[in-house]
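Asks: fold the stuff below for me.
(2 chains)
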Amino acid sequence: MAGAEERRSLLGDDDDYGESDPGPPTDRTMLAVCDPTRLLHRIVVLVFMCFLGFGSYFCYDNPASLQTEVTQDMNLNTSQFMQLYAWYSWPNVVLCFLGGFLLDRVFGIRLGTVIFSLFVCVGQVIFAAGALLNRFWLMEVGRFVFGIGGESLAVAQNTYAVNWFKGKELNLVFGLQLSMARLGSTVNMNIMGWVYNRMADLIGATGPTTLGAALMIASATCLFSFACALVLGYLDKRAEKILKKEKGKTGEVIKLTDVKDFPLSLWLIFIICVGYYVAIFPFIGLGQVFFIEKFNFSPAQARAINSVVYIISAPASPILGFMVDKTGRNVIWVICAVVTTLIAHMMLAFTFWNPWIAMSLLGVSYSLLACALWPMVAFVVPDHQLGTAYGFMQSIQNLGLALIAMAAGAILDTRGYLFLEVFFSACICLALIAVVLLYFVDLLQGGELNLSAVARASLQEEARLQKEATLDSE
Amino acid sequence: MAADFLNIMPFTLLFLLLNMRFSSGLLGFGDTYKRQLSMELNPGLNSSIPPGVNLLHIRSLGNDDTLHFLLCNLGSPTLLLVHTNSTSSSIQVDWPEFLAGNTSGSLRVVPENAVLHSNALVLVRLWEYDDLNDTADPQEVPVSSFLPPYQLESFQWEPLNNSTLDPQAHTVRLCGGDGSPAFSNGSFCLQLSAFGSGGREAGWPGLLHNANSSQVRVWLQGVRPRAAHSRFLLELHALGQPYGLARVEVLQSIDDEYTPSIFTVSQWLATPSNVSSPVLGFVEWKPVAYRRPDPIFTDATPCHHSSPVAVGGALSSGLALAFYGAGAPATGLNISYGLAGEPFYNTTNYLSWSMLAGIGDPPVDSFSPLVLAIMAVGLGTPLLLLLLGGVFVCVRRRSLAEGQAYSPIN
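Replies: Here you go, the predicted model:
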């Protein structure tokens, strides 16, 4: 759940996307709320757009929020438990390349969105059914199906946003969607334990049935998102008819042969991305029991602290994004973020200090990294390779997440939490090595990545003037 | 700004590394002290003894001292540790008196003035209770839920022989039951291992031991529970001269590498009331028991100890009686197994728990070389790269600047 939502801030800056003029306003008089050219209508659309992803974000971290319950009721060890996360990531190793293509060429945005949210829905229902029937393999199948829909749905959500809000309130919309995603994760972390306990009271015992019932209830959020997809599809179609506007496109062009042209700095960015995110998401997946066992937290406290990364990220992302935009020097910011995360992980590994400190640091640095790392891709590859670069980045990120999720489970089962935290720290160290290398590689190549915002703006201005000059001379 | 930051960063990391709470000492290569072990069954016995009664003596010879480990099942199973400052001290048993089971002084360590310190650990009773409300807290359970305890002094024990004694590994296994239907297919066992050098048991809980300690593992295997929600408690008594085991200290440890998810260690210490004085003897355990013989992560179940109290009444241990006499003061505590919400004993019909008993300070855990190596490489490589990169860039800049300085002349 890391990739798609981060890269959208770039999609907005790109000029290749679908919509041209909104077209002439229609003669018919409509209520403002029904008129696609009016702000009020767009706000209605925005509400549906935000809730489109709510279900998938809510359900993605269901296993983390019910870690003890899942492992006990299904009688799992930690490696089996982490398979639930690995199975989510596997389809996305491939789908990161295909998602955009499927939306543009095969299904179209409207049908595509409906199909992907249906996958999310069905996946979650299978997941819950697996628990109800006490069949763990069925739960894994459910997570796989859920994964097929989840990440691609985020791409579809971006495309809708660009389609409706390009040139208007796009950055605000992206910000709102991101906050909504984090809200979904946070609500999940803090409410699922309560839902489970209510179910346990109702059924009279804990066990697979209780777990299945709780997960079934969670799938209602997916159903809700599916309804949003249907409504959005209808509104989009209607707007298209009234405004005669173009269909929304992701505009992504994936050319795998571009990979051989990727510069060294891009590969280093990939390593940072994998090394960093594998120390965040699998950690959150295993966090609940860690806080219970090492810091003697109650289950509710453990869920709360486990969601703190998401809570901080909701308000911090826009603020830090603004800061990075204004200052530039992305490499330094990435170094800051990686070092802070390393410190946070080492605090969790080697001290009994209050984990709220470490988790808050983790939340801030996670947001900072997202703001500083993802835009760097656009500085090192030409625009026409951007889709391929992002697809590749997300693909290996998902590969890393799948593999590390399995490794983390196995390490915890045999070596305990200290070793697991040391392992996560080692992953962060790998990211640190990569970013230090990136700093020097960039320095030797002229320091483009690490320019301040002012210098970058003047460089762009210069380039623009040069371009105009050449055009004039022709 | 960038350069400043890059200069500060290594120190920040170093500072953090130095500030971390190492459990004690950076590298735990401390325990290299070795002892020579020898094992002897029923020392000094000429005639035959009643079936099922055994006295095992393990003599642990150091450079200038001797440790005697004695395990006996006359009455309650008992481990006796005697530390002497002589390399020639030995055990003297007056067998007829000893077997009569009521005479103090029938077992002695001679010369008596060489004895520095001794501790006895008696396994007294195994309690079973029906945890109807699933609290796993014996304090909260109504008295009526407690089943009659198994008195270990009245158990019948299998004889010690070649299959239960391993003179090479210096281990001995003692199994028994009370002959009731519950024990028809099961037994209560304990295994004593003595060590000639420092090390660590391969399986969990993987307690770190040194040459001054021995490990006792206690387990219930196939014993049929007498209630649907059975949980167990083990009652332990301790005696000592000049100081008995008194206070229990629970230490936090950040290192759970050898006992996954367990971050504390409990130490029952024999020490004068003055806290700063040295520890003479200890019993140490990690608060965890296991529900299967070859446990995986989810088979671990926490255990709790009650605070130690003085216990009176007749000694149930023949060995303690023979060595300390009838009036010796004793302290006792209970170890209770399980946690609210965790499976009951009947899911596996197995429960295993280990402790370490020894003299001097308990061995101190430290990070494994692998953990230290990973952190050293992980933190060292970026720092090294920063250093090399910084030097390289400086040199390059300088040579570029020199090149420019000369260019006008050309």
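
Asks: distance of the nearest residue to residue A:327 once chain neighbours are set aside relative to residue A:446?
Replies: Of all residues beyond its chain neighbours, the one nearest residue A:327 is residue A:453 (5.7 Å), with distances taken as Cβ to Cβ, 6 or more residues apart in numbering or on different chains. The way it works is simple: take the backbone N, C-alpha and C, and place the C-beta from them, glycine included. Distance, residue A:453 to residue A:446, using Cβ to Cβ, to the nearest Å: 17 Å.

Asks: neighbour count winner among the two?
Replies: Neighbour tally, residue A:453 and residue A:446, criterion other Cβ atoms under 10 Å in any protein chain shown: the higher count belongs to residue A:453, 14 against 9.

Asks: pLDDT weak spots in chain A?
Replies: Along chain A, the parts satisfying pLDDT under 70 run over A:1-30, A:167-169, A:171, A:245-253, A:471-474.

Asks: need the pLDDT of residue B:380.
Replies: Note on residue B:380: pLDDT of 92.

Asks: state whether it is indeed within a helix.
Replies: Yes. Assessed with DSSP: H, G, I helix; E, B strand; the rest coil, residue B:380 lies in a helix.

Asks: how close does it sit to chain A?
Replies: Applying Cβ to the nearest Cβ, to the nearest Å, the value for residue B:380 to chain A is 9 Å.

Asks: report the separation between that residue and residue A:271.
Replies: 18 Å.

Asks: wait, a strand at residue B:125?
Replies: Yes. Counting by three-state DSSP, residue B:125 falls inside a strand.

Asks: is it in a bridge, and if so with what?
Replies: Applying DSSP bridges to residue B:125 yields these beta-bridge partners: residue B:151, residue B:235.

Asks: check the contact between it and residue B:149; I expect there is one.
Replies: Yes. Between residue B:125 and residue B:149 there is a contact under Cβ atoms under 8 Å: 4.3 Å.

Asks: quick one: which of the two has more around it?
Replies: Taking other Cβ under 10 Å, residue B:125 and residue B:149 do not tie; residue B:125 has more neighbours (21 against 15).

Asks: contacting residues for the more buried one?
Replies: Counting by Cβ atoms under 8 Å, 6 or more residues apart in numbering or on different chains, residue B:125 touches B:149, B:150, B:151, B:152, B:234, B:235.

Asks: if we go to 7 Å?
Replies: Going by Cβ atoms under 7 Å, 6 or more residues apart in numbering or on different chains, residue B:125 touches B:149, B:150, B:151, B:152, B:235.

Asks: SS state for the closest residue to residue B:258 other than its chain neighbours?
Replies: Using Cβ to Cβ, 6+ apart and skipping the chain neighbours, the partner closest in space to residue B:258 is residue B:206 (3.5 Å). Taken by three-state DSSP, the conformation at residue B:206 corresponds to coil.

Asks: tell me the pLDDT at residue B:206?
Replies: 87.

Asks: quick check: phi and psi at it.
Replies: Main-chain torsions, residue B:206, degrees, to the nearest 10: phi 60, psi 50.

Asks: could you do residue B:259 as well?
Replies: Torsion angles at residue B:259 (phi, psi; degrees, to the nearest 10) stand at phi -140, psi 80.

Asks: tally of neighbours for it?
Replies: Using other Cβ under 10 Å, residue B:259 is surrounded by 22 other residues.

Asks: so who does it touch?
Replies: A:416, B:204, B:205, B:206, B:286, B:288.

Asks: ok, for it, nearest residue in space, not its chain neighbours?
Replies: Closest residue in space to residue B:259, ignoring its immediate chain neighbours: residue B:205 at 4.4 Å, by Cβ to Cβ, 6+ apart.

Asks: make a markdown table out of the contacts of residue B:125 and add distance to residue B:196 and pLDDT.
Replies: What follows is those, written out as a markdown table (distance: Cβ to Cβ, whole Å; pLDDT from 0 to 100):
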| residue | distance to residue B:196 | pLDDT |
| --- | --- | --- |
| B:149 | 37 | 90 |
| B:150 | 34 | 91 |
| B:151 | 35 | 90 |
| B:152 | 29 | 89 |
| B:235 | 31 | 92 |
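
Asks: out of the residues you listed, who's nearest chain A?
Replies: Nearest to chain A among the contacts of residue B:125, counting by Cβ to the nearest Cβ, is residue B:235 at 26.5 Å.

Asks: more neighbours: residue B:380 and residue A:271, which one.
Replies: Taking other Cβ under 10 Å, residue B:380 and residue A:271 do not tie; residue A:271 has more neighbours (19 against 11).

Asks: and the contacts of stretch A:143-155?
Replies: Stretch A:143-155 is contacted by residues A:3-5, A:53, A:56, A:59-60, A:84, A:87-92, A:95-96, A:99-100, A:103, A:116-117, A:119-120, A:122-124, A:126-127, A:250 when judged by Cβ under 7 Å, 6+ apart.
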